[in-house]
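Student: I'll drop the sequence and a predicted model, then ask my questions.
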Amino acid sequence: MVLSDVIAILLALGVALVLRAAVLDHSVHLANIRQSIGHGSLSAAYLALFVSAFVLVARRYGLYRSIPKAASGAHELRMTVQACLNAGLLLCGAMYLAHDVAVSRALVVLLTLSAMIALCSRRAVARRNRSRQYERGLGTRNTVILGTNQISRNLGLQMQREKRLGYLLCGHIHIPGCEHSHSEVSDIQVLGGLDQLGKIVRKHFVDEVVITEHCPIELVIEIITRARELGIDVRAISGYYNDLAPHTGVDYVGTLPLVTLHRSTPRAIAVAFKRAGDIILSFLALIAACPAMLAIAIAVRLESPGPIFYISERIGRRGRVFPCFKFRTMVSNAEQLRKELEEKNERDGVLFKVTNDPRITRLGHFLRKYSLDELPQFYNVLRGEMSLVGPRPPLASEVEKYSLEHLRRLEVPPGLTGLWQVQARQDASFAKYIALDTAYVENWGFWMDLKILLRTAEVVLRGTGT
C-alpha cells in the first residue's frame, strides 16, 4: 500500500508540473511545456519530504492496516485528504524556514490537490477490490470472540452479515468467572473454554480474538500473554480496559468500538514481496505458455472423451476451499475407479499413489512426467489462491484425517512447488511429507523460494514427475 501511494504521488507530481506549465505559464506547446517544467520545480529533497510526511501521517491515521481503521469509505477518503493537506503544509513550512523562493508555490498547491485526487481514487478502487476479495473469502481475518453475552452476539452477527468488514467469525469462547455468565449465543457457536484457546487458534487459523465481556484485569493480562505466544492480535470493547490501552485509537467493527490490547508483528513486507513476485511471474508464465497450453488442450480433447480441465476442490491457506485447475490426465470416471485401487496404495497416511495407475491416459503420462498438467495452476496463483512456492494443496478428504499439528502446513498459501517436490517427491513417507512442509512454513523466505524454483526447473527438465 505504501508503494502504491508513492507511485500515485509521483504521478500527481507529473500532472502538477504539466498543469503549471500549460495553465500558469501559458505554454501550450510540448516544447514550451518541457522548458517550463524545469523552471521552479521541486527538488528531490522536497519531494522526499512530501512523500515521507504523507506516509507517516497516513500510518498514524491507520491507513496502512491490513483491514483499514476507517469504518467507511468516506471516512477513509477524508483521512487521506487530511494526510495530503498535512504533507503540503509541512512542505510549505520547510520552504519557509529555508527561505527558498525558487520553488513555485503554485506547484506545491497543484501537487497537493493532484495528490488528493490520485490517492483518493487509488484507495477507492482498492477498497472496492478488497470488498470483492472478502466476498470470495480472500484476505479476511479469522476471528474468535471471547464472550457469550449480548454484545458478543451483536458483534458476531455484524461480522457475519457485513462481509465488507473483512472478518470471518470462527465462533465464541466461554470465559468463566466474568460478569455476564448467561450465554446469549447458541451452543453450536461456542468452540470451547478459555483453557482450549491454543488448540482453537491452531485448528481455526485464528488471526485475532476480541474480548467482549468485562473480566478481571489479571485474566486479561493472561490472555494477552498467551496471544503473544500464539502470534495473534487481541482487541476489546472500548472502555473495558483503558489502563491496558491508554494511547490506542478506537477502531469500529460495524457500530461497535474496539481498542487494540496487543498487535502481533506479521511479516507484512515479506508477504507483500512474495505476492508481487507471484503476480508478475504467473502472468508472464501464462503468456509464455499460452501456445503450449492451447496445443495440450486440443490433444486432451482428441485423445479421450471428457472435459479438458480437471477442476478439484482443494484446501488452501487457513482452510479455505478453492477450485484447483489442471489439465485432465485420467479417464473421466477416475474418481469412481479409485475405490477399486485403494488396496494398491503405495503411500502411507492420507497420501495416495499407485505405480502404473490404469486410470492415467497415454497423454496423461507424458503431461505428468514433465508437470505440464499443472500449467493451468498459474491462473490459481494469479488469482491469489496459490503461490509459486508452498505446500501442495490437499483434498478435503485428506485434511479431515489431519491431526492438529498437521494443520500447520495450511498456514501459508499452497504452492505449485515446494520442498517436498524437490527433495522427496518419490518418498512414500507421510511423516517426511509433513516435516518438509512444516520446515518451509517456519523458514520460508526469498532465497529459499528462489532455490526451490531453480531445483523445480531441474526436476521438470529431467522429467521425474509421476
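Tutor: That came through fine.
Student: contacting residues for residue 50?
Tutor: For residue 50, the residues meeting the contact criterion (C-beta atoms under 8 Å, 6 or more residues apart in numbering) are 9, 42, 87-88, 90-91, 111, 115. In this view, the C-beta of every residue, glycine as well, is placed from N, C-alpha and C.
Student: so which strand or helix has it?
Tutor: Assigned by DSSP states H and E, residue 50 falls within helix 44-60.
Student: List the backbone torsions phi and psi for residue 98.
Tutor: Phi and psi for residue 98, reported as degrees, to the nearest 10, are phi -90, psi 0.
Student: Roughly how far does it sit from residue 51?
Tutor: Counting by C-beta to C-beta, to the nearest Å, the separation of residue 98 from residue 51 is 18 Å.
Student: more crowded one of these two?
Tutor: When neighbours are counted by other C-beta atoms under 10 Å, residue 51 comes out ahead of the other of residue 98 and residue 51, with 18 against 11.
Student: My read is that that one contacts residue 8, right?
Tutor: No. The pair residue 51 and residue 8 does not pass the contact test of C-beta atoms under 8 Å, sitting 10.2 Å apart.
Student: so what pLDDT did residue 303 get?
Tutor: In this prediction, residue 303 carries a pLDDT score of 85.
Student: And residue 286, by the same measure?
Tutor: pLDDT for residue 286: 93.
Student: Same check on the one 5 residues further on?
Tutor: Note for residue 291: predicted pLDDT of 93.
Student: which element is it on?
Tutor: Take DSSP H and E as the rule and residue 291 turns out to sit in helix 268-303.
Student: again, but for residue 173
Tutor: When elements are defined using DSSP H and E, residue 173 is found to belong to strand 167-174.
Student: ok, back up a step: reformat the contacts of residue 50 as JSON lines; add secondary structure, distance to residue 275 and neighbour count.
Tutor: Formatted as JSON lines, the entries for the contacts of residue 50 read as follows, by DSSP: H, G, I helix; E, B strand; the rest coil; distance: C-beta to C-beta, whole Å; neighbours: other C-beta atoms under 10 Å:
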{"residue": "9", "secondary structure": "helix", "distance to residue 275": "22", "neighbour count": "21"}
{"residue": "42", "secondary structure": "coil", "distance to residue 275": "32", "neighbour count": "20"}
{"residue": "87", "secondary structure": "helix", "distance to residue 275": "27", "neighbour count": "24"}
{"residue": "88", "secondary structure": "helix", "distance to residue 275": "32", "neighbour count": "20"}
{"residue": "90", "secondary structure": "helix", "distance to residue 275": "32", "neighbour count": "17"}
{"residue": "91", "secondary structure": "helix", "distance to residue 275": "32", "neighbour count": "21"}
{"residue": "111", "secondary structure": "helix", "distance to residue 275": "30", "neighbour count": "28"}
{"residue": "115", "secondary structure": "helix", "distance to residue 275": "26", "neighbour count": "29"}
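Student: and which of those residues is nearest to residue 452?
Tutor: If you rank these by distance to residue 452 using C-beta to C-beta, residue 9 comes first, at 36.2 Å.
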